[in-house]
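1. Have a look at this fold, sequence not included:
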């Protein structure tokens, strides 16, 4: 049972901004496959963007205590537990107070009778909340403080029949409420008492200020649409039960989270539902993740395949192909990320009126990483195509021409420096992962040559693929590290070197692969058993350990035949999911607290892919030289700081 936590608001005097301090991992995700809300364990909606993931927030208390929220909670102390209704993203929060028990049921409404792959096609943009007293008698409080445009607007709240209307800015908000609310400025409060079997329904509608006002919903309509939304999610889940194996429920849930982070009209998957949640409390690495990255494509598509999301795979690749069309033909760098509608210009803008989560500023919208050159995107794009497109079938001319141009560009530009997978904002370098993914681009293009009608390019593609291999093996290997390094000539380790066996560049039992995996486990793993991206940075601030990199280590261990250790690493990462199974991007190495934008698609993708690798490895006999027969693995004590033990235990 999760006990309710107290909101820690740092209210400054003299009009100073009020810092939000509630833990990032305390939030649960709601989604209508177009937009997202985050709800705390105390029943407060502290984040809501409508009608799209990247829309300005209506509630943003996540980033500033005064930036808007909508809470429904017991008037007095209560024990609180919560869960998602089975196979859905409908949240059920149970308050057990001294006099009775109440359940708050929350969802972003799907379109009426949407089922299966149609989820999100006609979502109305309505937040639904239903309160039911299941036993005894419970008094509850409501606090409603809409603050459109990330808290810039304090709207005029006007009582209307059956609720409250909020005017100000580009939208009008209508709160359908069966409870009379008292308005004070731009905030409304109410208190009500329920007895066993009593039920009340609330709905928040958002519409353009210049259009007709939304129509209020009665409690019966809220109840029916909540039930319909739950059934919509269950219908999708029933169609996506393809994975059978260890952590089956966690894989299925992660598939739902990826679906929840999908913008249904285009098939784009956002990296996370939020902006500006930091990689370190009080730090400056606060980015907007409400966009889709080409970098994530191949990993995403593998995860969707494991979770039996075939239609989602096709739509996601179709989105990438359309969004990136014409760039290569014009000789422009293939953009590394796009808006969820296919937008190219994602320029950053600062929101100086927001204090930031735990005073982590600046708060940003947009992401200037779209301007960076990252050569790995060609490999990720071609790998995504190879993963998705029908084997042996000819492609339509625009897709074929685009993929051929992507392969040609990788062959031509792989020798150039870039910013690398982690989007470092320092000088360009010859990052190993970027070279590796250019090799992947050509390797997959060669395999797809018949479908691409590109047989005449095969000699050139093979020649450049061989050149990349030679460069990576000769210049990427660092004998002093006993591992492949972060960049050519570098003495730094990087967890992205774990991709060498994952993408098939080297066989898993190549001694250099085994040594690299051991080096990452030894030197990049913290005392909690989680993996850092790398050590050292041009930005002088510590960051958390990365859950994705930890799942990569589990996947690499499985591929190299160390299944027992892979399971241990997997379980270590999985233990950092919150009470409703959501994963952050990073974990604080001291406190174990969730960091970064939330929930993080890449972490859930890593979970799915690692679970599949461990399952598959467990079905194969252990190759010679692995597990207890490998001296390197049985004698290594692991990390100087604790970390994952290669001899079979987790400190």
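-> On my side now, so go ahead. Since this is a predicted model, take the numbers as computed values, not measurements.
2. CA atoms for contacts and neighbours, from now on please.
-> OK.
3. What is the burial count for residue 227?
-> Residue 227 has 14 neighbouring residues, counting by other C-alpha atoms under 10 Å.
4. Correction: the previous question concerned residue 355.
-> Residue 355 has 22 neighbours, counted by other C-alpha under 10 Å.
5. Name the helix or strand for it, please.
-> Using DSSP states H and E, residue 355 falls within no helix or strand.
6. any idea how far residue 273 is from it?
-> Using C-alpha to C-alpha, to the nearest Å, one obtains 19 Å as the distance from residue 355 to residue 273.
7. the strands in the stretch 201-350 of the chain, which residues?
-> Assigned by DSSP state E, counting those that start in this stretch, the strands in the stretch 201-350 of the chain fall at 262-263, 268-269, 292-293, 337-338, 349-350.
8. does the residue lying closest to residue 599 once chain neighbours are set aside belong to a helix or a strand, and which?
-> Distances taken as C-alpha to C-alpha, 6 or more residues apart in numbering put residue 584 closest to residue 599, at 5.1 Å, once the chain neighbours are dropped. Following DSSP H and E, there is no helix or strand that holds residue 584.
9. Does residue 584 touch residue 592 like I think?
-> No: taking contacts as C-alpha atoms under 8 Å, residue 584 lies outside contact range of residue 592: 11.2 Å.
10. so what's residue 305 scoring on pLDDT?
-> Confidence at residue 305, expressed as pLDDT, is 70.
11. ok, the residue lying closest to it once chain neighbours are set aside to residue 98 distance?
-> Closest residue in space to residue 305, ignoring its immediate chain neighbours: residue 313 at 7.2 Å, by C-alpha to C-alpha, 6+ apart. Distance, residue 313 to residue 98, using C-alpha to C-alpha: 49 Å.
12. more crowded one of the two?
-> residue 313 (25 against 13).
13. Which residues are in contact with that one?
-> Residue 313 sits next to 301, 304, 305, 388 when contact means C-alpha atoms under 8 Å, 6 or more residues apart in numbering.
14. re the thing from before, more crowded one of residue 584 and residue 592?
-> More crowded of residue 584 and residue 592, by other C-alpha under 10 Å: residue 584, with 26 against 14.
15. how much space between the more buried one and residue 26?
-> Taking C-alpha to C-alpha, one finds residue 584 at 11 Å from residue 26.
16. Would you map the strands across the stretch 51-200 of the chain?
-> Counting by DSSP E, counting those that start in this stretch, the stretch 51-200 of the chain has strands at residues 57-59, 69-74, 78-84, 91-97, 100-108, 126-145, 156-160, 163-167, 171-176, 182-184, 187-195, 199-208.
17. Out of those, which is closest to residue 464?
-> strand 57-59 (47.2 Å; C-alpha to C-alpha).
18. Could you please name the strands the closest one pairs with and the direction of each pair?
-> Using DSSP bridges, the strands paired with strand 57-59 in its sheet are strand 44-49 (antiparallel).
19. Okay, angle between the partner strand and strand 100-108 too, please.
-> If you take axes from the mean of the first three to the mean of the last three C-alpha atoms, to 10 degrees, strand 44-49 sits at 0 degrees to strand 100-108.
20. which parts of strand 44-49 are buried?
-> Buried residues in strand 44-49, counted by 16 or more other C-alpha atoms under 10 Å: 44, 45, 46, 47, 48, 49.
21. where does this protein have low pLDDT?
-> 1-19, 297-298, 306-311, 325-331, 390-393, 425, 536-542, 620-651 (pLDDT under 70).
22. ok, the closest residue to residue 468 other than its chain neighbours to residue 378 distance?
-> Nearest residue to residue 468 in three dimensions, chain neighbours excluded: residue 439, at 6.1 Å (C-alpha to C-alpha, 6+ apart). Taking C-alpha to C-alpha as the measure, residue 439 and residue 378 are separated by 9 Å.
23. Would you mind listing the two of the contacts of residue 313 that lie farthest apart?
-> So, the contacts of residue 313 by C-alpha to C-alpha: farthest apart are 304 and 388, at 10.2 Å.
24. Which of those two has more residues huddled nearby?
-> Using other C-alpha under 10 Å, the more surrounded residue of residue 304 and residue 388 is residue 304, with 25 against 21.
25. Residue 41: what secondary structure?
-> Judged by DSSP: H, G, I helix; E, B strand; the rest coil, the three-state class of residue 41 is coil.
26. What is the neighbour count of it?
-> Using other C-alpha under 10 Å: residue 41 sits among 23 other residues.
27. Could you do residue 76 as well?
-> Applying other C-alpha under 10 Å, I find that residue 76 has 12 neighbouring residues.
28. thought it was touching residue 96?
-> No: using C-alpha under 8 Å, residue 76 is not in contact with residue 96; the gap is 10.3 Å.
29. which residues does residue 549 contact?
-> 495, 496, 531, 532, 533, 606 are the contacts of residue 549 under C-alpha under 8 Å, 6+ apart.
30. Doesn't it belong to a strand?
-> No: going by three-state DSSP, the assignment for residue 549 is helix, not a strand.
31. how close does it sit to residue 530?
-> Noted for residue 549: a distance of 8 Å to residue 530, by C-alpha to C-alpha.
32. Secondary structure element for the spatially closest residue to residue 583 that is not a sequence neighbour, which one?
-> Distance criterion C-alpha to C-alpha, 6+ apart; nearest residue to residue 583, sequence neighbours excluded, is residue 577 at 4.8 Å. Residue 577 is part of no helix or strand, with elements assigned from DSSP H and E.
33. Go ahead and confirm residue 577 touches residue 587.
-> No: Residue 577 is beyond contact range of residue 587, at 10.2 Å (criterion: C-alpha under 8 Å).
34. Could you check which of these two is surrounded by more residues?
-> A direct count of neighbours by other C-alpha under 10 Å for residue 577 and residue 587 places residue 587 higher, at 27 against 18.
35. need the contact list for that one.
-> When contacts are taken as C-alpha under 8 Å, 6+ apart, residue 587 is in contact with 544, 545, 546, 547, 576, 593, 594, 595.
36. Is there a quick ChimeraX command that grabs whichever of those residues are buried?
-> Only the buried members of these enter the following ChimeraX selection, criterion being 16+ other C-alpha under 10 Å:
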select :544,545,546,547,576,593,594,595
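37. now, which of the contacts of residue 587 lie within strands?
-> 545, 546, 594, 595 (DSSP state E).
38. Make JSON lines out of those residues and add distance to residue 401.
-> Listed next are the ones in strands among the contacts of residue 587 as JSON lines, based on distance: C-alpha to C-alpha, whole Å:
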{"residue": "545", "distance to residue 401": "40"}
{"residue": "546", "distance to residue 401": "37"}
{"residue": "594", "distance to residue 401": "43"}
{"residue": "595", "distance to residue 401": "41"}
